[in-house]
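Asks: Next input, structure requested:
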Amino acid sequence: MVNAFVFVVLKEGGAEIIDINRVKNIEGVKSALSVYGSYDLVVEIKVKDVSDLQKVIKKLRSFNEIVKTTTMICIE
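Replies: A predicted model of the protein is given here:
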């Protein structure tokens, strides 16, 4: 099992410009939260393997509102 957190930067306007439910409905996404600071969203992902993680990240990056993602894979 692979657990990861993806930190997301959105286009100007931040969380107001994206329908967070679209993110939450991606298979493998356990939660998605709007946050203040250097990032606009924090997305928790839990999938079977790294290949599935790559698929989820690819889906996230396909959203026009998303400018940048940073992925942190949990080791414990």
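
Asks: What are the buried residues along stretch 29-36?
Replies: Along stretch 29-36, the positions that meet the burial threshold by neighbour count (16 or more other C-beta atoms under 10 Å) are 29, 32. In short, each C-beta sits where N, CA and C put it, glycine included.

Asks: which residues in the protein form strands?
Replies: In the chain, strands defined by DSSP state E lie at 2-10, 29-34, 41-47, 66-73, listed in chain order.

Asks: Which strands border the first one, and is each parallel or antiparallel?
Replies: In other words, strand 2-10. For strand 2-10, the paired strands and their directions (DSSP bridges) read strand 41-47 (antiparallel), strand 66-73 (antiparallel).

Asks: Contacts for the first one, please.
Replies: Outside of strand 41-47, the residues within contact range by C-beta atoms under 8 Å, 6 or more residues apart in numbering are 1-8, 10, 15, 18, 20, 23, 28-35, 53, 55-57, 60.

Asks: now do 6 Å
Replies: Strand 41-47 is touched from outside by 2-8, 28-33, 35, 53, 56, with contacts defined as C-beta atoms under 6 Å, 6 or more residues apart in numbering.
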